[in-house]
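# When you get a sec, could you give me coordinates for this:
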Amino acid sequence: MEKTVEQRGFLDRVVEKLISRKFLVFITATALMAWSNLTSDTWGMIAVVYIGSQAVIDAAIAWKHGASKAKEV
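Sure thing, here's the model as predicted:
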């Protein structure tokens with residue numbers, strides 16, 4: 001079930017146009033490390049888990065629908 005442009009949230013559209021989600025995770029984890037008690041080990045874990053899980057999702061979409069569909073999502 002695919003969402004149309006109108007159904008996606010405002011923040012999703014802004015993030016999609018301005019910055020990549022991986023970069024957003026990097027900025028969020030870095031901000032948490034700077035302003036809270038987040039350690040560098042936890043920062044690394046957040047980044048690895050998100051980037052790794054996103055890679056698995058992209059691979060599953062490419063496997064099911066083809067490589068061109070994975071680039072659209």
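
# Which helix runs longest in this protein?
Assignment by DSSP state H gives helix 40-65 as the longest helix of the chain.

# what distance separates it from the centre of its chain?
Using CA atoms, centre = their mean, to the nearest Å, the mean C-alpha position of helix 40-65 is found 8 Å from that of the whole chain.

# now it: mean pLDDT?
On average, the pLDDT along helix 40-65 is 83.

# helices and strands around it, which ones?
helix 21-35, helix 67-72 (3 or more CB pairs under 8 Å, 6 or more residues apart in numbering; DSSP states H and E). C-betas here are computed from N, CA, C, even on glycine.

# what about those helices, which gets the closest to residue 9?
helix 21-35 (13.2 Å; CB to CB).

# Just the buried positions in the closest one, please.
For helix 21-35, burial by neighbour count (16 or more other CB atoms under 10 Å) applies to 25, 26, 29, 33.

# just curious, which of those residues is nearest to residue 64?
Looking across the buried residues of helix 21-35 and measuring by CB to CB, the closest to residue 64 is residue 25, at 24.4 Å.

# so that closest one touches residue 45, yeah?
No. The criterion here is CB atoms under 8 Å, and residue 25 misses it with residue 45 at 11.6 Å.

# Show the model's pLDDT score for the most centrally placed residue in the chain.
For the chain, the residue nearest the mean C-alpha position is residue 21 (3.6 Å; CA atoms, centre = their mean). At residue 21, the model reports a pLDDT of 73.

# Correct me if wrong: it contacts residue 57.
No. Residue 21 is beyond contact range of residue 57, at 10.9 Å (criterion: CB under 8 Å).

# For the residue lying closest to residue 30 once chain neighbours are set aside, list the residues it contacts.
Leaving aside its sequence neighbours, residue 30 sits nearest to residue 43 (CB to CB, 6 or more residues apart in numbering; 7.0 Å). Residues counted as contacts of residue 43 (CB atoms under 8 Å, 6 or more residues apart in numbering) are 29, 30, 32, 33.
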